[in-house]
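Enquirer: A predicted structure for the sequence below; I have some questions about it.
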Amino acid sequence: VMTDYATTGDGLIAGLQFLAALADSGRRASELVRQFTPVPQMLKNVRYKAGADPLSAEAVRAEIAAAEARLAQSGRVLIRKSGTEPLIRVMAEAEDEAVLREVVDGIVAAVEKAAA
């Protein structure tokens, strides 16, 4: 969302902004789109009973903190409730895919236990 131009996401505006940056830089499009190195990402959803709040459980908060510490500079964790259904979305990115699986699976297990 580019709030200088619109209040909602707009693919046309994003495309025009990219073309403007391309023209201003004088670089090739292939150079501009390679601004970062992608890393493995995993997203798992955990359903919980309406009225439950598994994210407030101490075990879940501890597991999330441990995952953030483990990933430190090599990844990130994003945990949030869905805005439309009773789901906890567990997403992480990490350079090491095995560590990524362990981190996500650990958080998912803690959320499932707290949601039961």
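Expert: On my side now, so go ahead. Numbers count the residues shown, from 1 in each chain.
Enquirer: State the mean pLDDT of stretch 35-44.
Expert: Mean pLDDT, computed over stretch 35-44, is 90.
Enquirer: And for stretch 17-31?
Expert: 90.
Enquirer: in it, what counts as buried?
Expert: Across stretch 17-31, burial judged by 16 or more other C-beta atoms under 10 Å covers no residue at all. Every residue, glycine included, has its C-beta placed from N, CA and C.
Enquirer: Now do that stretch: distance to the chain's middle.
Expert: Relative to its parent chain, stretch 17-31 has a centroid offset of 27 Å by C-alpha atoms, centre = their mean, to the nearest Å.
Enquirer: list the helices and strands the worst-scoring helix or strand of the chain on mean pLDDT packs on?
Expert: The least trusted helix or strand in the chain, going by mean pLDDT, DSSP states H and E, turns out to be helix 29-32, with a mean of 86. Counting contacts by 3 or more C-beta pairs under 8 Å, 6 or more residues apart in numbering; DSSP states H and E, helix 29-32 packs against helix 11-25.
Enquirer: How far off centre is the helix it packs on?
Expert: That offset, for helix 11-25, works out to 25 Å (C-alpha atoms, centre = their mean).
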